[in-house]
Structure formats: structure tokens, C-alpha cells
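Visitor: sequence-free structure coming up:
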Ligand code: URA
């Protein structure tokens, strides 16, 4: 696996500051999450295959490139939903598959409680998982998706822990990783430090 992108963008840094701030209200949190996601999805999809065609401008016929085949977006529920609208803003023709995964509060081990996926064989897949902590959830999701034989899988995460990056580097060669930030470490409860707390709770005001 390659770490393809670690954001070093002033606007994204500002959005990350907003996400990390415990005093940020849910509506501002959602807006900042969308800002980071749009940027990461744009860089992650920069090399999608295109086809050359023509369109009529108001003045003449222009030769243009269009996406040959839009990818499949797979948000990991529930937190990944906070990235979906922004990803669809960038890739409006994408199909969407859903994976519902929940990690046990005690063991931090993830279990799949919902799965609804479009046909994936030969398609590119962008997994939307905002917090790459132990990597356990992402790994389980990628293993489940790999069974559907996509052409390639990319993981888009807003914040990662070094532990999670390491797990995916070792266990998932061929996966590409696009990150807003890599933080210091995990705490004993497997939360990312300094992180931003529970992404889903911050997003939906459930804490
Ligand atoms: N999931 C979260 O929402 N936050 C973390 O810090 C780790 C996993």
C-alpha cells in the first residue's frame, strides 16, 4: 500500500483546526468535514480514466475530457456519512455502496451490521472512513470489498493514527491512502490523540 497523499494545504489545515476544536458546534463541524473531504476526494480521483469527446460551446465545438467511468463511493456508517455529500459534490455520477460497521466500545473490534453494495467488479472504489484509528474497521471493510473484485480501492480518511496506517501498509498492499492528517498515537481506548473525539458524535451531536 502507498501513502499517496498527506494534506499540506492551508485551507485544509484551517478546516482541521475547526474539526479538532471541542467548542465547534455540529453544523460547523459538518461544514469543515465537507471541506476536507472535497479536497481529499479531488486528489484521490485525479487519475480516474477519462475519454475524449466534444461539446458545443456557445462559440464553437470544443474537444473535452469526461470521466470514462465514475467510481463507487463506500462510506463506512455512521461516521463516513459525514463525507458522502462532499464526495458526491466532486463525483456526482458515482454510485454509492454502504457498509455499516460498529466497533465494540470495550474491545474496539468492528462488526458489520449492514451491507448494500452496487456491482464492483473492475470498478474503482473510494472508501470514506474519516478516522483511521487501529485500522481494524478499514481492514475489515477492505477485505469485504475485495471479494467483489474492484479494479482498485482507495481509502479517504480525515485523520489517521500511525498504528492504523501501519496496519493497512502491512496487510493491504495495493491500497492507496489519502489523509488530511496523521496524528501522534492512539490512547488506551483506541481514540486518536490529539484527534477530534468521536467523529460520529461530533457530526450528529450525539455525545
Ligand atoms: N473513531 C473516532 O470517531 N475517533 C477516534 O479518535 C477513533 C475512532
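Guide: Nice, thanks for sending it over. Computed from a predicted model, the values in this text were never measured in an experiment.
Visitor: C-alpha from now on. contacts and neighbour counts both.
Guide: Noted.
Visitor: Where do the strands of the chain begin and end?
Guide: Remark: strands assigned in the chain by DSSP state E are 2-6, 50-56, 61-67, 72-77, 95-96, 98-103, 110-116, 124-128, 131-132, 152-160, 176-182, 185-186, 192-193.
Visitor: Please identify the most buried of the ones you listed.
Guide: strand 131-132 (a mean of 27; mean count of other Cα atoms under 10 Å).
Visitor: Name every strand pairing with that one and say which way it goes.
Guide: Partners of strand 131-132 in the sheet, by DSSP bridges, are strand 152-160 (parallel).
Visitor: which parts of the helix ranked longest in the chain are buried?
Guide: Ranked by residue count under DSSP state H, the longest helix found in the chain is helix 26-44. Within helix 26-44, the residues that count as buried by 16 or more other Cα atoms under 10 Å are 26, 28-41, 44.
Visitor: For residue 83, report the pLDDT, please.
Guide: pLDDT, residue 83: 98.
Visitor: okay, now it: neighbour count?
Guide: 28 (other Cα atoms under 10 Å).
Visitor: looking at this structure, which helix or strand does the model trust least?
Guide: strand 2-6 (a mean of 71; mean pLDDT, DSSP states H and E).
Visitor: and the chain, which residues reach the ligand?
Guide: The chain has residues 131, 133, 191, 192, 195, 197, 198, 199, 200 near the ligand, with proximity defined as Cα under 6 Å from any ligand atom.
Visitor: ok, now how distant is the third one from residue 97?
Guide: Noted for residue 191: a distance of 26 Å to residue 97, by Cα to Cα, to the nearest Å.
Visitor: tilt between the longest helix of the chain and strand 124-128?
Guide: 150 degrees (axes from the mean of the first three to the mean of the last three Cα atoms, to 10 degrees).
Visitor: For the strands of the chain, which has the smallest mean pLDDT value?
Guide: strand 2-6 (a mean of 71).
Visitor: isn't residue 98 right up against residue 72?
Guide: No. Using Cα atoms under 8 Å, residue 98 is not in contact with residue 72, being 10.2 Å away.
Visitor: just to revisit the earlier point, quick one: mean pLDDT for the longest helix of the chain?
Guide: The model assigns helix 26-44 a mean pLDDT of 97.
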